[in-house]
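*Asks:* Sequence first, predicted coordinates after that:
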Amino acid sequence: MEINKGLENVYVKETSITYIDGELGRLYYRGYSIFDLAELSSFEETSYLIWYGKLPTQSQLDEFKKRLAEHRELPASIVDFLKKVRKDANPMDVLRTAVSMMGIEDNNKSESLLDKAISITAKIPTIISYYHRLRKNLDLVEPRNDLSHAENFLYMLNGNLPSEIERKVLDVALILHMDHEMNASTFACLVVASTLSDIYSAIVGGISALKGPLHGAANSEALKMFIEIGRVENVEEYILKRLENKQRIMGFGHRIYKTYDPRALILKKYAKDITRLKGLEELYKIAERVEQVGIKLLGSKGIYPNVDFYSGLVFYSLGFEPDFFPTVFTSARVVGWTAQIMEYLQDNRLIRPKAKYVGEIGKTYVPIHNRS
Ligand SMILES: CC(C)(COP(=O)(O)OP(=O)(O)OC[C@H]1O[C@@H](n2cnc3c(N)ncnc32)[C@H](O)[C@@H]1OP(=O)(O)O)[C@@H](O)C(=O)NCCC(=O)NCCS
């Protein structure tokens with residue numbers, strides 16, 4: 001009997017969505033390299049690719065963009081919830097509850113799973129932006145159907161139209177976060193979906209798993225670390241002390257990648273540009289130094305920067321507050337979750353692993369008044 005703690009190296013399904021080469025640091029969606037998609041594609045086009053399995057023609061893309069844009073508005077009950085919920089809540093808790101409410105509003109509508117996936121994906125940026133603005137006592141900015149997904153997201157968040165570089169940086173960051181084969185949150189989605197529960201419940205499971213600092217919240221932890229370090233000169237001492245205290249460098253290390261996570265490499269370039277534009281170069285320089293010191297100390301163990309290392313800097317520069325970073329991650333990963341769920345359900349098998357019992361058996365039940 002072999003126990004696979006953490007299910008390391010256990011395959012739970014076949015997939016034609018995402019392929020990772022952890023040794024070479026390569027990532028492919030539907031066979032296309034992440035380097036090409038980040039440079040040349042958009043959120044909408046890559047979502048289409050992940051959901052439909054092929055790149056769209058121009059007319060298919062136009063139609064798809066329109067469809068996605070039409071679903072941005074939230075039901076009144078969710079806006080009402082966002083207005084009433086406490087302002088110091090964890091944004092991932094707020095998002096999780098809002099998606100759960102979407103399931104109640106849906107009330108078993110007979111749409112396809114893909115229609116539901118499109119609706120959830122379109123609405124998540126509205127939830128995030130509304131809660132962001134309500135927390136700051138700012139007026140809500142309603143979604144605009146004439147803007148792209150990334151443009152509209154930043155428009156609703158910041159209240160003004162983003163520049164071309166801001167739009168590009170968000171598009172790239174969202175593409176990079178869209179899917180990642182069988183990670184913890186995707187597996188959580190599949191566990192729920194495999195019981196033939198509904199897609200909203202499955203996504204709620206995914207959000208719950210992504211919230212953890214070992215998964216989707218490492219981005220805000222990494223940024224907190226850069227801010228805490230304060231100056232480039234402090235990096236070496238800070239990192240050494242952290243490792244001495246058996247603390248981890250956030251945004252470093254990965255279960256699959258034993259070299260650079262390609263997403264970190266891509267984001268680094270954009271982080272450099274956007275931090276310079278926003279007057280945050282000092283934070284970028286600190287991050288770059290942490291990267292050098294971290295690789296010097298941990299590289300020989302195969303521990304390198306992962307996607308969360310530079311994404312926090314990027315999200316921060318675009319106007320997102322650190323506790324919102326995992327929600328931005330969610331806004332992209334929901335595409336991968338829903339695609340993986342649909343793929344799994346084509347040949348569903350209830351996920352029901354086993355646990356090896358190591359306790360005693362055959363004990364005598366003693367009535368409570370006789371127990372010492
Ligand atoms: C992501 C992560 C959980 C994957 O780790 P894993 O495959 O489970 O590997 P383990 O936790 O078993 O770690 C293996 C070794 O590497 C070390 N290690 C892993 N990540 C490390 C990090 N970020 N900083 C310092 N040491 C690290 C562990 O301390 C352990 O060392 P040991 O063998 O001397 O005890 C881990 O790298 C981590 O905690 N990273 C920080 C959080 C993070 O960035 N998460 C986002 C992932 S995309």
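*Replies:* Cool, got the structure. Numbering: from 1, shown residues only.

*Asks:* Against residue 319, how distant is the closest residue to residue 286 other than its chain neighbours?
*Replies:* Once flanking residues are discounted, residue 286 sits nearest to residue 226: 4.7 Å by Cβ to Cβ, 6 or more residues apart in numbering. In short, each C-beta sits where N, CA and C put it, glycine included. To residue 319, residue 226 is 17 Å away according to Cβ to Cβ, to the nearest Å.

*Asks:* do residue 249 as well
*Replies:* For residue 249 relative to residue 319 (Cβ to Cβ), the value is 26 Å.

*Asks:* With residue 20 instead?
*Replies:* 30 Å.

*Asks:* any idea of the pLDDT on the residue in the stretch 1-150 of the chain that the ligand sits nearest to?
*Replies:* At 6.3 Å from the ligand, residue 6 is the closest residue in the stretch 1-150 of the chain, using Cβ to the nearest ligand atom. What the model reports as pLDDT for residue 6 is 92.

*Asks:* Surely residue 243 touches residue 297?
*Replies:* Yes. Here residue 243 lies in contact with residue 297, judged by Cβ atoms under 8 Å, at a distance of 6.5 Å.

*Asks:* Hmm, residue 29 is touching residue 177, no?
*Replies:* No. Under the criterion of Cβ under 8 Å, residue 29 makes no contact with residue 177, lying 11.5 Å away.

*Asks:* Is residue 331 located within a strand, as I assumed?
*Replies:* No. Counting by DSSP: H, G, I helix; E, B strand; the rest coil, residue 331 is not found in a strand; it is helix.

*Asks:* How about it: what's its closest non-neighbour residue?
*Replies:* The shortest distance from residue 331 to any non-neighbouring residue, by Cβ to Cβ, 6+ apart, is to residue 124 (4.5 Å).

*Asks:* what does residue 261 give?
*Replies:* Nearest one to residue 261, counting by Cβ to Cβ, 6+ apart, is residue 306 at 4.3 Å.

*Asks:* wait, what's in contact with that neighbour?
*Replies:* Residues counted as contacts of residue 306 (Cβ atoms under 8 Å, 6 or more residues apart in numbering) are 218, 251-254, 257, 261, 263-264.

*Asks:* Ok, residue 134 next?
*Replies:* Counting by Cβ under 8 Å, 6+ apart, the residues that residue 134 touches are 82-83, 87, 140.

*Asks:* Could you rerun that using 7 Å?
*Replies:* When the contact criterion is Cβ atoms under 7 Å, 6 or more residues apart in numbering, the partners of residue 134 are 82-83.

*Asks:* wait, is it part of a strand?
*Replies:* No. According to three-state DSSP, the state of residue 134 is helix, so it is not within a strand.

*Asks:* do you know how far it is from residue 301?
*Replies:* Look at residue 134 and residue 301: by Cβ to Cβ, they are 44 Å apart.

*Asks:* any idea which element residue 66 lies in?
*Replies:* helix 58-69 (DSSP states H and E).

*Asks:* do residue 190 as well
*Replies:* Using DSSP H and E, residue 190 falls within helix 184-193.

*Asks:* chain center to that helix: distance?
*Replies:* Distance, stretch centre to chain centre, for helix 184-193: 14 Å (Cα atoms, centre = their mean, to the nearest Å).

*Asks:* repeat for stretch 187-200
*Replies:* Computed by Cα atoms, centre = their mean, the chain-centroid distance of stretch 187-200 equals 18 Å.

*Asks:* Stretch 365-372 too?
*Replies:* With Cα atoms, centre = their mean, you get 50 Å for stretch 365-372.

*Asks:* ok so, going back, can you give me the neighbour number for the residue of the stretch 1-150 of the chain closest to the ligand?
*Replies:* Residues lying near residue 6 (other Cβ atoms under 10 Å) number 8.

*Asks:* doesn't it fall inside a helix?
*Replies:* Yes. According to three-state DSSP, residue 6 belongs to a helix.

*Asks:* The residue nearest to it when sequence neighbours are not counted: neighbouring residues, count only.
*Replies:* Closest residue to residue 6 apart from its sequence neighbours, by Cβ to Cβ, 6+ apart: residue 255 at 7.8 Å. Residue 255 has 14 neighbouring residues, counting by other Cβ under 10 Å.

*Asks:* Equivalent analysis for residue 122, please.
*Replies:* Residue 122 has 20 nearby residues by other Cβ under 10 Å.
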